[in-house]
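> Below are the sequence and a predicted model for it; my questions follow.
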Amino acid sequence: MPRAEGSSNPARRSRDRVTKARVVDAAVALLDRQGASALSLAAVAREVGVRTPSLYHHVEGLDGLRREVRLRGVERLGDALQRAAGGRSGRDALAAVAHAYRALAMTIPACTPSRWPAGTKTTTCGRRPAA
């Protein structure tokens with residue numbers, strides 16, 4: 001039976017809008033509020049309003065979610081550093097980049113790779129540590 005557009009069921013509407021970006025947004029928000037120890041698929045599923053198994057359609061488990069959060073942070077960092085350095089050179093560019101990095105790290109700690117606890121299975125951008 002085809003699904004009716006604009007379903008009146010709030011739970012169905014919530015599930016219909018789940019995307020990888022929304023899952024990662026929820027994870028980042030959770031990390032910013034409660035720290036890395038609070039991150040779990042169950043907690044993110046509650047944030048998004050779906051059952052935990054539904055997240056596997058969007059991320060590859062908890063390690064995949066952590067990798068996506070790190071990627072988000074690296075993307076934001078790259079964008080911020082590029083904007084800061086634009087049109088500058090030398091010490092002026094270096095100072096602007098340093099200030100931009102610090103500002104970003106202070107505003108979105110969950111996305112700053114250096115703020116993740118030691119012992120996680122993936123590092124920045126999902127690369128595995130060298131053996």
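Perfect, I can see it now.
> shaky segments in the protein?
Low-confidence regions of the chain, defined by pLDDT under 70, span residues 1-16, 108-131.
> which helix in it runs the most residues?
Looking across the chain with DSSP state H, the single longest helix is helix 61-85.
> buried sites along that one?
Within helix 61-85, the residues that count as buried by 16 or more other CB atoms under 10 Å are 62, 64-74, 76-77, 80-81, 84. Every residue, glycine included, has its C-beta placed from N, CA and C.
> quick one: the helices in the protein?
Under DSSP H, the chain gives helices at 10-16, 20-34, 41-48, 61-85, 90-107.
> which strands and helices sit next to the longest one?
Judged by 3 or more CB pairs under 8 Å, 6 or more residues apart in numbering; DSSP states H and E, helix 61-85 is in contact with helix 20-34, helix 41-48, helix 90-107.
> That one vs helix 20-34, what angle?
90 degrees (axes from the mean of the first three to the mean of the last three CA atoms, to 10 degrees).
> Kindly calculate the angle that helix 61-85 makes with helix 41-48.
Using the same axes, to 10 degrees: helix 61-85 against helix 41-48 is 60 degrees.
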